[in-house]
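**Q** Mind folding the following:
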Amino acid sequence: MKPSLGERELDVMAVLWRGAPSTVAEVRDHIAAPLAYNTVLTILRNLEAKGFVRHRAEGRVFRYAPAVSEETVRGSAVTRLVRKFFGGSPLGVVAHLVANDKLSAAEIRDLHTLIDARLKAHEDDDGSAGRATRASKKSPRGRRP
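**A** Predicted coordinates:
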């Protein structure tokens, strides 16, 4: 697993995911926090050393682009959060959000819809696998070897 990203590194990655490839100045212009040019350059170099960013030269300017997708980084961050704060239990995260009024009624309905769809997919998978397993265990009737 790649190293995790700090807050400013995530800010820079968000800019790159939205509008890559970008120069240091372009990244700096799109970050909400006021950062010096050299600070942004250092962050980009660190991200490149970690394998999150790559660059190509255009004359005297470097254009930086993400080397990993936002989805990959999001998945890694969520996995880390679940492991560190919820003992590896995704159910713990959902229970926390629901129990602490972090979700609106509409979000709870949407969550219910997602869970129902996932449950149906599991039941479909279990049902077809179960039928195949049961069928393979049956011996042909009326036949002797």
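
**Q** is it fair to say Gly88 lies in a helix?
**A** No - assignment of Gly88 by DSSP: H, G, I helix; E, B strand; the rest coil gives coil, placing it outside any helix.

**Q** Quick check, Val94 in contact with His112.
**A** No - the criterion here is CB atoms under 8 Å, and Val94 misses it with His112 at 11.0 Å. Glycine gets a C-beta too; all of them are placed from N, C-alpha and C.

**Q** Tell me which of those two has more neighbours.
**A** Val94 (14 against 10; other CB atoms under 10 Å).

**Q** Who are the contact partners of that one?
**A** Contact analysis of Val94 by CB atoms under 8 Å, 6 or more residues apart in numbering lists Leu111.

**Q** In terms of helices and strands, where is it?
**A** Assessed by DSSP states H and E, Val94 sits inside helix 90-99.

**Q** swap in Asn38?
**A** Asn38 belongs to helix 37-50, assigned by DSSP H and E.

**Q** tell me the helices in the protein, going along the chain?
**A** Along the chain, the segments classed as helices by DSSP state H run 7-19, 24-29, 37-50, 70-85, 90-99, 105-137.

**Q** weakest of those in terms of mean pLDDT?
**A** Looking at the helices of the chain, the lowest mean pLDDT belongs to helix 105-137 (a mean of 78).

**Q** could the helices of the chain go into TSV alongside distance to Glu58?
**A** Formatted as TSV, the helices of the chain follow (distance: least, CB to CB, whole Å):
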stretch	distance to Glu58
helix 7-19	16
helix 24-29	12
helix 37-50	15
helix 70-85	24
helix 90-99	43
helix 105-137	43
